[in-house]
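In: Build the 3D model from these lines:
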Amino acid sequence: MAASQKQFEVTKTTEEWRQSLPPEAFRVLREHGTERAGTSPLDKQYGKGTYVCAGCGQALFTSDTKFNSGTGWPSFFDPIENAVEASVDRAFFMVRTEIHCSKCGGHLGHVFDDGPAPTGKRYCMNGVSMKFIPEGEA
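Out: Predicted coordinates:
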């Protein structure tokens, strides 16, 4: 995948990533896995705050762009500027747009064209790939 070909600001060896992340976060962020729908507490988190990359801490989304997509994954209609990058994902006999952290390359999820206004985008993210920082705790 394109994300794995690029040199990112935060880089670690596979073993360093494995040591610094819980097993499920490692599987999703570094091995392009997907968590089971409905398993992330971040899906129902609607407090004010910022969602950051669980791998490197970069701010990715604000609570102002979060919405309930009904998919079982945290969904957003717009990322923070320059926080994420996209690449083509051809896994599972489909062509999708993968979203990854622009700072460490960690796999976050996918983006689809069925979201709400104003962007029409649904950034369907794995909750395990992010951490929620409540407003005022940054």
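In: can you list the weak-confidence ranges in this structure?
Out: 1-5, 89-94, 138 (pLDDT under 70).
In: so where's the longest helix in it?
Out: Ranked by residue count and defined by DSSP state H, the top helix of the chain is helix 23-31.
In: Centre-most residue in the protein?
Out: Leu108 (2.6 Å; Cα atoms, centre = their mean).
In: where's that one, which helix or strand?
Out: strand 107-112 (DSSP states H and E).
In: Quick one: work out the angle between that strand and helix 23-31.
Out: If you take axes from the mean of the first three to the mean of the last three Cα atoms, to 10 degrees, strand 107-112 sits at 70 degrees to helix 23-31.
In: which helices and strands does strand 107-112 pack with?
Out: helix 23-31, strand 84-89, strand 96-101, strand 122-125 (3 or more Cβ pairs under 8 Å, 6 or more residues apart in numbering; DSSP states H and E). Quick note: C-beta positions are derived from backbone N, CA and C, even for glycine.
In: who does it pair up with?
Out: strand 96-101 (antiparallel), strand 122-125 (antiparallel) (DSSP bridges).
In: and of these, who's closest to Asp64?
Out: strand 122-125 (13.3 Å; Cβ to Cβ).
In: so after that closest one, what's the next helix or strand?
Out: Later in the chain than strand 122-125, the nearest helix or strand by DSSP H and E is strand 130-134.
In: Measure how far that next one is from the centre of its chain, please.
Out: How far strand 130-134 lies from its chain's middle: 12 Å, per Cα atoms, centre = their mean, to the nearest Å.
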